[in-house]
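Colleague: Build me a model:
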Amino acid sequence: MNTNKDIATPGRTREILEKYGFSFKKSLGQNFLIDTNILRKIVDVAGLSRETGAIEIGPGIGALTEQLARRAKKVVAFEIDQRLLPILEDTLSPYENVRIIHQDVLKADIRRVIAEEFTDAADIMVVANLPYYVTTPIIMKLLTDNLPIRGIVVMLQKEVADRISAQPGTKDYGSLSIAIQYYTEAEKIMTVPRTVFIPQPNVDSAVIRLIKRKQPPVDVDDESFFFQVVRASFAQRRKTILNNLISNLPNGKARKEKIERILTENGIDPRRRGETLAMEEFAALSNALREVMCI
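Modeller: Below you'll find the model as predicted:
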């Protein structure tokens with residue numbers, strides 16, 4: 001096989017798939033990108049240098065891995081599908097700075113992998129074309145595990161990218177927006193049409209960049225309770241924030257008057273909906289509720 005050609009072209013991708021008789025597994029959300037320009041833009045956005053360590057999730061046949069290997073100090077990629085391991089060994093054979101780990105990233109000890117694989121990297125970025133069906137769990141694991149990474153650049157379903165980067169008062173704004181913007185500065189970079197994938201997915205994609213914050217943008221007394229209040233507030237989007245909190249916080253119905261009073265004391269009309277509250281309002285609300293409700 002000619003290793004001088006980029007992997008991410010329609011001809012080369014089909015050549016690789018035919019050589020190995022590879023068939024796509026819908027259950028693993030496998031869609032391979034066949035546009036080298038888009039891959040290069042993803043790598044550009046990640047701001048890699050020869051001192052950067054890159055973590056990839058779901059390398060497929062190595063299209064993005066190859067571009068990362070050309071720019072980063074080292075690439076470590078997690079691949080769950082055993083059938084892809086011999087293909088990756090072949091397609092990535094020109095690159096000595098790549099390691100493939102056959103493991104489900106959601107079960108991996110990523111902190112240990114970083115400690116072992118990136119001992120002399122100046123910084124670490126996660127760069128990936130994520131399978132749609134596990135996008136949110138993977139991103140939340142990367143953020144809540146408090147890993148020593150600079151940030152994340154991922155391609156995902158456009159609808160999810162819109163929710164992640166959404167601002168208060170918009171239809172896409174919700175608990176996912178707040179959770180990810182609490183940990184990172186989120187920016188939607190570009191939309192990617194479904195036509196540049198084999199096989200074509202049913203929806204368009206988008207590239208989003210998440211740069212980890214040194215400190216959260218708001219002060220909360222209890223992060224776990226803060227996110228519990230946020231999730232409760234969006235449980236049923238058509239309900240008012242008061243009704244959502246009563247219905248979805250422990251013993252909420254018994255504490256209706258307390259919840260209503262705290263909302264009013266914090267300048268929040270109980271008739272508002274969760275999507276209209278900024279993160280600062282949720283922080284103040286959760287701190288006040290925690291004091292009074294002793295949850």
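
Colleague: For the residue nearest in space to the middle of the chain, give its distance to Val105.
Modeller: For the chain, the residue nearest the mean C-alpha position is Ile139 (3.2 Å; CA atoms, centre = their mean). Ile139 sits 11 Å away from Val105, going by CB to CB, to the nearest Å. In short, each C-beta sits where N, CA and C put it, glycine included.

Colleague: Settle this for me: the residue nearest to the centre of the chain is touching Val154, isn't it.
Modeller: Yes: if you go by CB atoms under 8 Å, Ile139 and Val154 touch, sitting 7.1 Å apart.

Colleague: Can you work out which residues contact both of those two?
Modeller: Leu130, Leu210 (CB atoms under 8 Å, 6 or more residues apart in numbering).

Colleague: how near is the residue lying farthest from the centre of the chain to Ala166?
Modeller: For the chain, the residue at maximal distance from the C-alpha centroid (CA atoms, centre = their mean) is Glu257, at 38.0 Å. For Glu257, the distance to Ala166 equals 32 Å [CB to CB].

Colleague: Could you do Asn37 as well?
Modeller: Asn37 is 28 Å from Ala166, by CB to CB.

Colleague: Of those two, which one has the most company?
Modeller: A count of neighbours by other CB atoms under 10 Å puts Ala166 above the other of Asn37 and Ala166, at 21 against 10.

Colleague: Doesn't that one lie inside a strand?
Modeller: No: secondary structure of Ala166 (DSSP: H, G, I helix; E, B strand; the rest coil): coil, not part of a strand.

Colleague: okay, and for this structure, where does confidence drop off?
Modeller: 1-4, 29, 294-295 (pLDDT under 70).

Colleague: could you say what helices and strands the biggest helix by length in the chain packs with?
Modeller: Scanning the chain for the longest helix, with DSSP state H as the assignment, gives helix 279-293. Here helix 279-293 touches helix 175-183, helix 223-233, helix 256-265, going by 3 or more CB pairs under 8 Å, 6 or more residues apart in numbering; DSSP states H and E.

Colleague: just the strands in the stretch 1-150 of the chain please.
Modeller: Using DSSP state E, counting those that start in this stretch, the strands found in the stretch 1-150 of the chain span residues 32-33, 52-57, 74-79, 98-102, 123-129.
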